[in-house]
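*Asks:* model this:
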Amino acid sequence: MTTTVSTSATGRRTHSCGELRSEDVGAAVTLAGWVDSRRDHGEGLVFVDLRDRDGVTQLVFDLEDCPKEVMEAAGTLHGEDVIRAHGVVRKRDGGVNPRLETGEIEVVVSEVEVLNRAENPPFRPTDKEALPGEETRLRYRHIDLRRPRMQSILRTRHRVTQIMRRFLDERGFIEVETPCLFKATPEGARDFLVPSRHQPGTFYALPQSPQILKQILMVSGLDKYFQIVRCFRDEDLRADRQPEFTQLDIEMSFVDREDVMGLISDMFRQIWAEVLDVQVGEMPVMTYQEAMLRFGTDRPDIRFGLELVDISDLATKTGFRVFTGAVEAGGVVKAIRVPGAAAKATRKVTDSYTDFVKQFGAGGAPTVKLEGGEFTTGVAKFLGDVKEELIERLGLEDGDLVIFSADTEKIVARALGELRLKIARELELMPAHGAQWSFLWVVDFPMVAWNEDEKRFDALHHPFTSPAPEDVPTMDSDAGSVRSLAYDLVLNGSEIGGGSIRIHDNVIQEKVFGLLGLTEDETRSKFGFLLDALRHGAPPHGGIAMGLDRVVMHLCGTENIRDVIAFPKTQTGADMMAGAPSVIAAEQLAEVYIKSTAPVDE
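*Replies:* Got it, this is the predicted structure:
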């Protein structure tokens with residue numbers, strides 16, 4: 001008889017509940033964990049499934065093999081009690097249980113110690129069909145995290161971070177921590193602020209990212225930096241967004257765009273190979289302009305069709321005022337082909353498309369069907385003169401549905417881009433989780449976007465993104481046409497990371513700040529320390545930030561970011577378990593020179 005070497009051995013146990021196998025038969029072992037279930041078969045025979053993070057082992061309490069007091073203790077056990085049991089491994093009586101990794105064996109108990117009695121929990125960690133709502137699970141997160149599914153997710157997250165660290169260490173990167181208490185700098189979202197007790201009236205900001213600091217590390221000569229870092233953004237929440245999140249942050253000196261993209265592509269190939277045993281091939285590169293024209297978004301899901309096709313030239317021949325008016329006003333008319341959907345596209349269905357696109361500013365979603373070689377229903381009567389051209393351009397076949405949108409380029413892209421995703425989900429055109437992994441690099445983003453409300457430009461990524469060198473001469477005359485050296489990595493329609501080559505010339509950096517409407521005094525106040533660093537010999541540098549939470553979401557097949565974070569916040573930013581945020585006593589606020597102006601309940 002040989003016994004496996006356990007990595008879980010401590011003074012209180014010899015193995016975890018997921019380790020024992022047939023080669024351990026005959027070994028004396030001690031296990032500890034939570035009572036998953038107890039089955040009393042009468043006549044001095046009790047079975048207990050003991051669970052820990054590694055799995056489940058069946059314990060056998062048999063009056064013929066253990067003292068009477070041990071049998072009595074076994075009879076009092078119930079779900080989630082914490083126990084420690086000592087006994088001998090034997091082959092499972094009654095045959096192998098294929099549902100358990102330890103299904104070949106069981107442990108005949110001779111000693112048992114109840115370490116902690118548990119009250120009846122609000123739900124059981126092994127409940128599958130009777131799980132409560134998310135609010136209850138977050139309120140009792142300590143129980144929710146016992147679920148095998150949650151344990152598996154957190155172990156996957158751990159494994160991913162270890163692969164990242166090992167991959168980067170092997171390539172000469174140095175992990176450096178940057179401060180959580182820093183200076184408030186405009187980066188696109190609201191800062192979380194922390195008052196200073198030592199300097200009345202002043203505040204730190206929790207960093208939205210270590211962007212400026214990692215650039216300064218490059219100026220400092222570090223050459224290759226990384227950090228798995230916590231970031232904070234006070235913004236509206238959704239299924240894939242949290243107020244505090246984790247990203248893999250990377251910066252490199254003396255690199256161009258292709259160097260960064262190549263490094264990250266190789267890292268994700270290694271992650272997918274080690275975690276999923278999936279070989280990821282070449283990752284295609286698409287320009288921002290092509291992504292917007294074909295998919296209406298800069299994070300396109302390319303696993304299915306339903307691409308946007310510009311038919312503005314044909315629309316002017318239709319006599320349909322909605323189409324012609326949009327083109328005359330400088331807008332566009334685009335269409336998407338939904339193969340074979342004509343039969344299912346009832347009036348109720350097509351009306352739902354109109355209701356859906358209205359939330360994105362579109363006036364409607366006109367439709368037409370191709371049936372028997374003719375356009376029918378919807379706007380068919382307007383399309384007679386362009387029927388053949390439209391069929392050819394869209395590649396239409398009998399039974400297809402066509403959906404149109406006519407408005408400004410921006411509104412049409414957003415409306416049809418979102419609608420194609422809705423239709424793909426409804427018609428089950430999206431591959432199941434794990435069936436297809438479509439990585440895509442998107443490049444050549446505009447450097448700035450016009451803010452109509454404030455009559456100025458905003459940085460599309462952040463103000464430290466370098467313009468394409470060949471476009472620098474047009475920054476003063478046509479800033480909106482300037483491309484940046486930014487790049488995003490998209491996976492199955494989800495942006496999982498983004499970065500850029502940075503500005504390392506303080507003259508260009510000051511020019512960009514001016515383009516964004518910052519005065520010289522504002523620039524100096526907010527970014528003076530960065531400009532000073534750039535003046536003292538800054539190397540060309542670039543980097544990227546990868547959303548760790550989103551990566552793990554993809555690997556684990558969940559669409560809710562709260563599933564992959566141990567202690568997440570709700571969509572209102574609440575920690576249901578701890579009761580945060582909470583009211584702070586006036587005395588404590590006074591210590592940091594703050595007085596609450598929130599209304600007080602009478």
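
*Asks:* please point out which parts of the longest helix belonging to the chain sit buried.
*Replies:* Taking DSSP state H as the assignment, the helix of the chain that covers the most residues is helix 148-169. Of all the residues in helix 148-169, those buried under the rule 16 or more other CB atoms under 10 Å are M150, Q151, I153, L154, T156, R157, V160, T161, I163, M164, F167, L168. All C-beta spots, glycine's among them, are computed from the backbone N, C-alpha and C.

*Asks:* hey, C-alpha coordinates of that helix in PDB?
*Replies:* Extracted as PDB, the C-alpha positions of helix 148-169 are listed here (Å, rounded to 0.1, in the frame of the first residue of the first chain):
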ATOM      1  CA  PRO A 148     -18.300  24.400  -5.600                       C
ATOM      2  CA  ARG A 149     -19.000  26.700  -8.500                       C
ATOM      3  CA  MET A 150     -17.600  29.800  -6.700                       C
ATOM      4  CA  GLN A 151     -14.700  27.800  -5.400                       C
ATOM      5  CA  SER A 152     -13.800  26.800  -8.900                       C
ATOM      6  CA  ILE A 153     -14.100  30.400 -10.200                       C
ATOM      7  CA  LEU A 154     -11.800  31.700  -7.500                       C
ATOM      8  CA  ARG A 155      -9.300  29.000  -8.200                       C
ATOM      9  CA  THR A 156      -9.400  29.800 -11.900                       C
ATOM     10  CA  ARG A 157      -8.800  33.400 -11.100                       C
ATOM     11  CA  HIS A 158      -5.800  32.500  -8.900                       C
ATOM     12  CA  ARG A 159      -4.400  30.300 -11.700                       C
ATOM     13  CA  VAL A 160      -4.700  33.100 -14.300                       C
ATOM     14  CA  THR A 161      -2.800  35.600 -12.100                       C
ATOM     15  CA  GLN A 162      -0.100  33.000 -11.500                       C
ATOM     16  CA  ILE A 163       0.300  32.400 -15.300                       C
ATOM     17  CA  MET A 164       0.400  36.100 -15.900                       C
ATOM     18  CA  ARG A 165       3.100  36.600 -13.300                       C
ATOM     19  CA  ARG A 166       5.200  33.700 -14.500                       C
ATOM     20  CA  PHE A 167       4.900  34.700 -18.100                       C
ATOM     21  CA  LEU A 168       6.000  38.300 -17.500                       C
ATOM     22  CA  ASP A 169       8.700  37.300 -15.000                       C
END
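
*Asks:* could I get the average pLDDT for the helix or strand that comes right after that helix?
*Replies:* Following helix 148-169 in sequence order, the next helix or strand is strand 174-175 (DSSP states H and E). For strand 174-175, the mean per-residue pLDDT is 98.

*Asks:* got a list of contacts for the next helix or strand after strand 174-175?
*Replies:* As assigned by DSSP H and E, the chain's next helix or strand after strand 174-175 is strand 192-195. Under the criterion CB atoms under 8 Å, 6 or more residues apart in numbering, residues 181, 184, 202-206, 232-234, 243, 592-594 lie in contact with strand 192-195.

*Asks:* which pair in those has the greatest spatial separation?
*Replies:* Across the contacts of strand 192-195, the longest distance by CB to CB is 25.3 Å; it joins R233 and Y593.

*Asks:* of the two, who's got more company?
*Replies:* The neighbour comparison of R233 against Y593 (other CB atoms under 10 Å) goes to R233, with 21 against 13.

*Asks:* which residue is the nearest non-sequential neighbour of the more buried one?
*Replies:* Leaving aside its sequence neighbours, R233 sits nearest to A189 (CB to CB, 6 or more residues apart in numbering; 4.1 Å).

*Asks:* tell me the spacing between that neighbour and R84.
*Replies:* As judged by CB to CB, to the nearest Å, A189 and R84 stand 49 Å apart.

*Asks:* and T376, by the same measure?
*Replies:* T376 is 74 Å from R84, where distance means CB to CB.

*Asks:* what about those two, which has more around it?
*Replies:* Taking neighbours as other CB under 10 Å, T376 and R84 compare with R84 leading, 16 against 12.

*Asks:* now the one helix or strand the more buried one maps to: buried residues?
*Replies:* According to DSSP H and E, R84 maps onto strand 82-91. By neighbour count on 16+ other CB under 10 Å, the buried set for strand 82-91 is V82, I83, R84, A85, H86, G87, V88, V89, R90.

*Asks:* cool, and stretch 270-279?
*Replies:* Under 16+ other CB under 10 Å, the buried positions of stretch 270-279 are I271, W272, V275.

*Asks:* mind listing the strands for the stretch 201-350 of the chain?
*Replies:* 203-206, 224-232, 244-253, 285-287, 308-310, 332-338 (DSSP state E, counting those that start in this stretch).

*Asks:* can you tell me which of the ones you listed comes nearest to N120?
*Replies:* Here strand 244-253 is closest among these (CB to CB), at 32.9 Å.

*Asks:* what helices or strands is the closest one leaning on?
*Replies:* On a contact count with 3 or more CB pairs under 8 Å, 6 or more residues apart in numbering; DSSP states H and E, strand 244-253 meets helix 211-219, strand 224-232, helix 257-276, strand 494-501, strand 541-547, helix 548-556.

*Asks:* in TSV: those, plus distance to R146.
*Replies:* Converted to TSV, those look like this (distance: least, CB to CB, whole Å):
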stretch	distance to R146
helix 211-219	37
strand 224-232	25
helix 257-276	23
strand 494-501	29
strand 541-547	27
helix 548-556	17
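
*Asks:* and G395, which of the ones you listed is closest to it?
*Replies:* Set against G395 and scored by CB to CB, the helices and strands packed on strand 244-253 come closest in strand 494-501, at 27.6 Å.
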